[in-house]
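Student: Sequence and predicted structure below; questions after.
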Amino acid sequence: MKRLLIFASLIWFAFMAIAIASGALREGLLTPRLGELMAHQIGTVFVCLMFVGVVFFFVRRLRPTPGQALAIGAGWTAMTVGFEFGVFHLIVGHPMSELLADYNLAAGRLWPLVLLTELLAPWLFARTLPPATASPAEQPVRKTHIHTSRLPEAFRRTISREEIATLPVRRYTGEVWLVNTPQVLAEAMQDIRRERVLGFDTETRPAFRKGESYLPCLVQIATANRVYLLQLEQLDCSREMIELMSNPRLIKTGVAIAGDVGQLKRLFPFDAAAVVDLGHIAKRHGNSQTGLRNLVALFLGWRMTKGAKTTNWSTPQLTPTQIGYAATDAWASRELYLCFEKMDLLEKSGG
C-alpha cells in the first residue's frame, strides 16, 4: 500500500507538469491563431488524453483494486482543485471569478473534464484491465543445461482416472481456523511467521456468465499445526498478505500458483518471493500430469475429491464441505512439497 501511495503522489506531480506545459504551449501557439476559447478547448482535450495515458500506465503497473483506484482518483481531484485555488488565487492572485469561469460548461469551458478524468479513469482501468500475467521472477527459470531427473526411472509418471478412483480418499482432518476478525488474524500470523513451508491456495467466486469475473475472496494457508482460511471480503488482510507473499524466508507452495499470485496482485500490489510451483517441479522430472490431484495420487498414494469447487466462496458463512475442501487443497500442497523435498526433487533454489 505504501508503494502504491508513493507512485500515486508522483503521478499527480506528473499531471501538474503536463497541465502547466500544456498551458504554456496553448498560450504561445494556439491562442494567437485560434482564439482563446478554441485554444482552451483543444488544450483541455489534449490534457485529458495525456492524463488517460499516464493513468493507464499507473494502473497497469501497480494493479490497484477498483476501490483503491477510486480513492486515488478522488485524492488526485482534491489535490488539483486545492492546488488551483490555493496557488493561483491565494498566492498568484488570480480573481476567483476567473478561475470559476473555466468550470462553466455552458460557456464552452471544458476544464471539468480534466477533473472527471482524474477521478474516474483509474477506477475504469482497474475494472477493465485483464489480470496481470506472472512476472519473470514467478515463472519457471529456463535452464540452459540439460536437467537430469532425480526421479527413479521405475517411478510412475502418469496415472489414469480409473486408477485414481481405486485409491483411498483422504481429507484434511486437522484444525481449521476461519480468519475473519483482527484478533484471529494476529494469532494466525504468529503461527505462520514461525513456519518454513506453507501450503498455499486461493478460491474465487465462480462466474457463470460471459464476461463475468471475480477476484480471490479466500486464501488458504497450511502450516504444520493447522490450516487458516483468510476470508478477504470479511476482513482487510492486505498488510499481512503483502508481508507473507514478499517474505523470502517463507516458502509458499502450490500448483499453478503463479495464477493465484497474479490475481492477488490485483487486490494488493507486492513483490512475490519464495513461490514454488509443484507442477513445474514435477514437469522437470518427466511428469506430464501436473495437476494437484494427479500429483497427490502419484506421489502420496491417495485421492482428493472435487467437492465444493464451484460453490460461492464469497459467502460470510462457509459450509463444512467448503471448509474441508479448501483446507485439503492447501494441506495437500504442503504435504506434496515435503514429499518432493524428501525425494530430493527440489533444486537448491527451493524449487
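Tutor: Happy to help now that I have it. Note that this is a predicted model, so its numbers are computed, not measured.

Student: Quick check: longest helix in this protein by residues?
Tutor: The longest helix of the chain (DSSP state H) is helix 36-62.

Student: what's the average pLDDT for that one?
Tutor: Helix 36-62 carries an average pLDDT of 89.

Student: Secondary structure element holding residue 276?
Tutor: strand 275-277 (DSSP states H and E).

Student: Quick one: list the elements packing against that strand.
Tutor: strand 251-254, helix 257-265 (3 or more CB pairs under 8 Å, 6 or more residues apart in numbering; DSSP states H and E). C-beta here means a position set from N, CA and C on the backbone, and glycine is covered the same way.

Student: who does it pair up with?
Tutor: Here strand 275-277 is paired, per DSSP bridges, with strand 251-254 (parallel).

Student: quick one: contacts of the strand it pairs with?
Tutor: 196-201, 244-245, 260, 274-278, 292, 329-330, 333-334, 336-337, 350-351 (CB atoms under 8 Å, 6 or more residues apart in numbering).

Student: which of these are buried?
Tutor: By neighbour count, with 16 or more other CB atoms under 10 Å, the contacts of strand 251-254 hold 197-201, 244-245, 260, 274-278, 292, 329-330, 333-334, 336-337, 351 as buried.

Student: Name the residues of the longest helix of the chain that are buried.
Tutor: Neighbour counts over helix 36-62 (16+ other CB under 10 Å) mark 39-41, 43-44, 47-48, 50-51, 54-55, 58-59, 62 as buried.

Student: same question, stretch 229-249
Tutor: 229-234, 237-238, 240-242, 244-245, 247.

Student: Just the terminal-to-terminal distance for it.
Tutor: 21 Å (CA to CA, to the nearest Å).

Student: ok, and what's touching that stretch?
Tutor: Identification of contacts with stretch 229-249 by CB under 8 Å, 6+ apart yields 1, 176-182, 185, 188-189, 192, 196, 198, 216-221, 250, 252, 261, 264, 267-275, 314, 316, 318, 323, 326-327.

Student: Could you tell me how far residue 328 is located from residue 201?
Tutor: 10 Å (CB to CB, to the nearest Å).

Student: To clarify, my last question referred to residue 158.
Tutor: Look at residue 158 and residue 201: by CB to CB, they are 24 Å apart.

Student: Ok, residue 317 next?
Tutor: In terms of CB to CB, residue 317 sits 20 Å off from residue 201.

Student: Residue 16 and residue 84 touch, don't they?
Tutor: No - using CB atoms under 8 Å, residue 16 is not in contact with residue 84, being 9.9 Å away.

Student: ok, of the contacts of stretch 229-249, which come out buried?
Tutor: Among the contacts of stretch 229-249, those classed as buried by 16+ other CB under 10 Å are 176-180, 185, 188-189, 192, 198, 216-221, 250, 252, 261, 264, 267-270, 272-275, 314, 318, 323, 326-327.

Student: among those residues, which are in helices?
Tutor: Using DSSP H, the buried ones among the contacts of stretch 229-249 in helices are 185, 188-189, 192, 261, 264, 323, 326-327.

Student: Kindly check the end-to-end length of stretch 259-276 for me.
Tutor: From start residue to end residue, stretch 259-276 stretches across 12 Å - CA to CA.

Student: which other helices and strands contact the host helix or strand of residue 124?
Tutor: Per DSSP H and E: residue 124 is located in helix 111-128. Judged by 3+ CB pairs under 8 Å, 6+ apart, the packing partners of helix 111-128 are helix 36-62, helix 66-83.

Student: okay if I get the ones you listed as TSV plus distance to residue 206?
Tutor: Shown next, in TSV, are those (distance: least, CB to CB, whole Å):
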stretch	distance to residue 206
helix 36-62	26
helix 66-83	20
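
Student: Among the ones you listed, which comes closest to residue 91?
Tutor: helix 66-83 (10.3 Å; CB to CB).

Student: List the buried residues of the closest one.
Tutor: For helix 66-83, a neighbour-count test (16+ other CB under 10 Å) marks 66, 68-73, 75-77, 79-80 as buried.

Student: for residue 231, which residues make a bridge with it?
Tutor: Applying DSSP bridges, one finds that residue 231 bridges with residue 218.

Student: Could you list the low-confidence segments of this protein?
Tutor: Residue ranges of the chain with pLDDT under 70: 1, 87-90, 92-94, 99, 130-148, 153-154, 306-310, 348-351.

Student: how does it divide up, domain by domain?
Tutor: For the chain, automatic domain parsing gives the domain ranges 2-128, 161-342.

Student: got CSV for those domains, with distance to residue 152 too?
Tutor: Shown next, in CSV, are the domains of the chain (distance: least, CB to CB, whole Å):
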stretch, distance to residue 152
domain 2-128, 43
domain 161-342, 10
